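>>> What would the 3D arrangement of this be:
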Amino acid sequence: MRGTVILTMLRQGRVAGISGLRARTYQGRQQLLLRAPLNVNGTAHFPSVARLSSASSGSTGADEPSESAGKDHILSKVVTEQISEENSTTEKVAEPSESISGAGEDFEFKAETRKLLDIVASSLYSDKDVFVREIVSNCSDALEKLRYLQATEQTVVDAELDLEIHITTDEATGTFTIQDTGIGMSKQELAENLGTIARSGSKMFMSTLEGADPTSAKSNIIGQFGVGFYSTFMVGTDVTVYSKSAKEGEPAHVWKSDGTGKFTIAEASNVSRGTKIVVNLNDECKKFAKAEVIQDVLEKHSNFVSYPIFLNGNRMNTVEALWTQQPSQVSEEDHKKFYKWVSGAWDVPMYTLHYAADAPVQLKALFYVGQSHTEKLGLGRVEHGVSLYSRKILILDKAPKLLPDWLRFIRGVVDSEDVPLNLSRELLQDSALLSKINSVLSARLVRFFSDQAKKDPELFNTFMEEFGNFFREGACTDRPNQTGIMKLMRYESSKKEKGELISLEEYIQQTPVTQKKIYYMVTTSRKHAETSPYMESLLQNGIEVLYSYEPLDEVVFSNVREFEGKEFVSVETSNVQLEGDVDKPSGGLTAVETNEFCSWLKGALGEERVTEVVSSDRLVSHPAIIADDMGSGAYRRMMRVLDKESLDGVPPQKLEVNPTHPLVVSLRTLSEKDSALATLLAEQLYDNALVYAGLMDDPRPMLSRVSDIMVAAAGGDIPKK
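Here you go, the predicted model:
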């Protein structure tokens with residue numbers, strides 16, 4: 001029947017009424033749904049708990065609020081609705097039942113408090129939606145305090161009440177209401193905790209737990225500063241608080257203020273144990289009376305609160321905070337579901353790291369690596385994917401400073417009680433401690449990947465093929481972890497089969513002790529490497545060379561410079577010095593003839609082409625190569641792509657010639673007989689070396705020269721130009 005008590009349910013074999021709570025079936029236990037008509041003065045009319053059974057059988061009777069209370073202290077309204085008497089699993093929300101039963105007593109905020117209140121309400125928080133996070137956190141703390149009292153076998157009123165948080169939104173009235181069944185507050189506590197900014201009841205409660213056993217509530221209490229409640233004045237014109245202490249014999253009270261300097265406390269009736277906050281939203285914040293808006297905020301900030309949160313009767317926080325559990329208690333299926341939630345992806349994690357530490361900082365972390373990333377598709381940099389929590393409350397979503405930038409492909413959460421928050425709990429104060437957390441986590445991840453490389457090399461190689469460039473970035477930017485990162489890199493080797501990868505540590509173990517360098521070649525394919533003139537003498541003398549097919553490796557080797565005391569040397573530079581007993585080419589030009597030829601060749605090519613022409617002892621079947629100290633051809637090619645203006649065209653190069661090659665021997669002789677033809681051949685020799693080095697962007701200009709050389713080879717005269 002509309003506006004009357006229409007449903008009573010038995011709970012544990014007896015009738016029990018819980019004013020202001022929704023009726024629902026939860027874990028097989030039945031609770032009570034109350035509906036009340038409006039009195040003429042606008043307050044709610046409810047039968048007392050003692051009369052519930054008679055009310056359900058047709059008798060009437062009511063506890064009328066006092067006339068003065070109805071006129072002077074109307075602190076709540078109810079909106080009645082018609083509901084069906086059919087059994088339904090749909091969760092329902094009860095209308096407000098609280099009313100004032102005593103005269104109100106006015107209090108004034110202190111002058112300093114009024115100033116602070118204005119700061120809190122207008123300047124402390126960057127986003128207004130955090131008021132939901134703050135109030136939910138307060139409710140969670142109240143529930144945790146009550147749980148501790150029950151765990152220590154202390155007497156509390158209404159002990160059978162479930163520990164829950166209920167939120168109701170009402171667009172029609174523009175109100176936001178939140179209620180918990182926690183420890184509640186007495187009149188004195190209302191005056192002290194809500195009448196004094198920066199007085200943290202939670203912090204005071206924790207101070208009483210010093211020396212308590214490990215099962216105490218200390219680790220689950222969120223509040224620190226005593227300002228969260230006042231965030232409601234960012235969004236509300238006035239705030240009403242109903243509260244009933246869990247202590248035996250304490251009456252319920254109502255606290256109300258518009259935040260301008262005064263607050264009123266009066267005795268109240270029909271108040272359940274715990275605290276209920278009603279915020280009359282201002283015109284700019286009416287959106288917070290919409291369920292979908294509050295749902296988004298809850299999912300973002302308060303999804304892992306320890307206690308059930310219901311929004312208009314529907315359970316919100318259904319995702320478990322897996323990082324708080326023991327790794328052995330979390331199944332692979334749990335990880336798959338949580339990974340999809342935290343990453344917004346649809347694949348399954350390739351790697352999972354569930355990690356906790358007590359020193360040098362206390363933290364819990366849960367990290368995931370997906371199957372792929374989007375940077376390789378040219379979609380821009382991957383956004384950081386690790387969020388920071390403190391006691392399961394979101395502090396920073398996708399926090400960029402938790403991990404080094406190169407680990408931005410990691411998805412997951414970090415929760416730390418040691419996080420130094422500022423007053424608004426939106427920013428971190430102690431950058432040194434944050435840097436320490438960053439250092440601890442990055443080192444742990446590097447160690448984790450090292451373990452995975454040993455555990456399953458095939459999977460790790462697949463992982464590095466997909467995410468290797470992030471590690472290359474880390475090797476250049478993360479100095480503390482540089483050595484560990486380099487140990488994770490994998491390359492093909494000139495002494496291994498195609499597709500077989502080795503680490504730098506394995507390379508060093510396989511090379512002679514006398515070899516002081518790590519030789520590498522960044523190339524496009526193994527076939528190109530094995531046929532390259534730069535590899536001739538190295539292959540002939542059995543010197544191992546690492547093959548990389550990723551251009552960024554040239555930047556890595558140039559930045560890292562050495563590994564375990566051995567210098568990285570590109571085979572395409574002039575730094576290749578064959579050590580020990582090696583086979584060197586013999587015959588050809590004498591030392592004097594070689595010097596004369598090098599001088600002539602440098603003059604024929606000109607300063608715009610070469611800086612130096614020298615004899616080489618590492619060439620076997622090729623006449624000349626480009627080799628200087630400025631880096632390999634791969635490095636120069638990459639720099640030209642990155643900075644086309646500064647590297648427009650090919651800068652002068654260092655040219656190495658093979659004095660034993662028939663072309664070089666013949667060209668020296670020709671230079672003394674036919675200078676014009678010798679110059680054409682010298683230019684072609686240089687361009688051929690550019691092609692080998694991968695520095696010839698456009699070969700078309702040399703085609704006319706090739707034609708002239710062909711004419712001369714056929715016995716004709718070279719055209720004059």
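>>> Run through this structure and note the low-pLDDT ranges.
Of all residues in the chain, those with pLDDT under 70 make up the ranges 1-96, 109-126, 197-227, 420-431, 579-585, 628-649, 721.
>>> Check it for its longest helix and report it.
helix 431-455 (DSSP state H).
>>> just the angle between the strand or helix carrying residue 413 and helix 431-455, please?
Per DSSP states H and E: residue 413 is located in strand 411-415. Calculated by axes from the mean of the first three to the mean of the last three C-alpha atoms, to 10 degrees, strand 411-415 forms an angle of 130 degrees with helix 431-455.
>>> Identify the residues contacting strand 411-415?
With contact meaning C-beta atoms under 8 Å, 6 or more residues apart in numbering, strand 411-415 is reached by 321, 323-324, 339, 342-343, 345, 353, 363-370, 385-392, 399, 402, 437, 441. The C-beta positions use only the backbone N, C-alpha and C, and glycine is treated the same way.
>>> next one: stretch 352-371
Stretch 352-371 has contacts (C-beta under 8 Å, 6+ apart) with 322-324, 327, 330, 335, 338-339, 342-343, 345, 347-351, 386, 409-418, 433, 436-437, 440-441, 444-445, 448, 463, 466-467.
>>> Output the helix or strand residue 521 falls within as CSV, restricted to C-alpha atoms.
Using DSSP H and E, residue 521 falls within strand 517-522. What follows is strand 517-522, C-alpha atoms only, in CSV (Å, rounded to 0.1, in the frame of the first residue of the first chain):
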residue,chain,number,x,y,z
LYS,A,517,85.8,-6.0,-27.7
ILE,A,518,82.2,-7.1,-28.5
TYR,A,519,81.8,-6.9,-32.3
TYR,A,520,78.3,-6.3,-33.7
MET,A,521,76.6,-5.4,-36.9
VAL,A,522,73.2,-3.8,-37.2
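>>> circling back: from the contacts of strand 411-415, which ones fall inside helices?
Judged by DSSP H, the contacts of strand 411-415 include 339, 342, 343, 437, 441 as members of helices.
>>> Count the residues that sit near the closest residue to the third one other than its chain neighbours.
Which is residue 343. Using C-beta to C-beta, 6 or more residues apart in numbering and skipping residues adjacent in sequence, the residue nearest residue 343 is residue 411, 4.1 Å away. For residue 411, the neighbour count with other C-beta atoms under 10 Å is 24.
>>> Repeat that for residue 478.
21.
>>> Likewise for residue 397?
Using other C-beta under 10 Å, residue 397 has 12 other residues around it.
>>> what do you get for residue 164?
Using other C-beta under 10 Å, residue 164 has 21 other residues around it.
>>> now do residue 102
With other C-beta under 10 Å as criterion, residue 102 counts 18.
>>> got the residue ranges for the helices in the stretch 551-700 of the chain?
552-560, 591-605, 633-642, 662-673, 675-693 (DSSP state H, counting those that start in this stretch).
>>> Give the other helices and strands that the shortest one contacts.
Here helix 552-560 touches helix 457-477, strand 517-522, strand 566-570, helix 633-642, going by 3 or more C-beta pairs under 8 Å, 6 or more residues apart in numbering; DSSP states H and E.
>>> for the last one, same thing?
In terms of contacts (3+ C-beta pairs under 8 Å, 6+ apart), helix 675-693 is packed against helix 591-605, strand 624-626, strand 653-657, helix 662-673, helix 703-713.
>>> so can I have JSON lines of those showing mean neighbour count and distance to residue 683?
Below are these laid out as JSON lines (neighbours: other C-beta atoms under 10 Å; distance: least, C-beta to C-beta, whole Å):
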{"stretch": "helix 591-605", "mean neighbour count": "16", "distance to residue 683": "7"}
{"stretch": "strand 624-626", "mean neighbour count": "26", "distance to residue 683": "12"}
{"stretch": "strand 653-657", "mean neighbour count": "24", "distance to residue 683": "12"}
{"stretch": "helix 662-673", "mean neighbour count": "16", "distance to residue 683": "11"}
{"stretch": "helix 703-713", "mean neighbour count": "13", "distance to residue 683": "6"}
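>>> nearest to residue 315, of the ones you listed?
strand 624-626 (69.5 Å; C-beta to C-beta).
>>> what are the pairing partners of that closest one, and which direction each?
strand 653-657 (antiparallel) (DSSP bridges).
>>> Tell me the gap between stretch 607-622 and the middle of its chain.
On the basis of C-alpha atoms, centre = their mean, to the nearest Å, stretch 607-622 sits 51 Å off its chain's mean C-alpha point.
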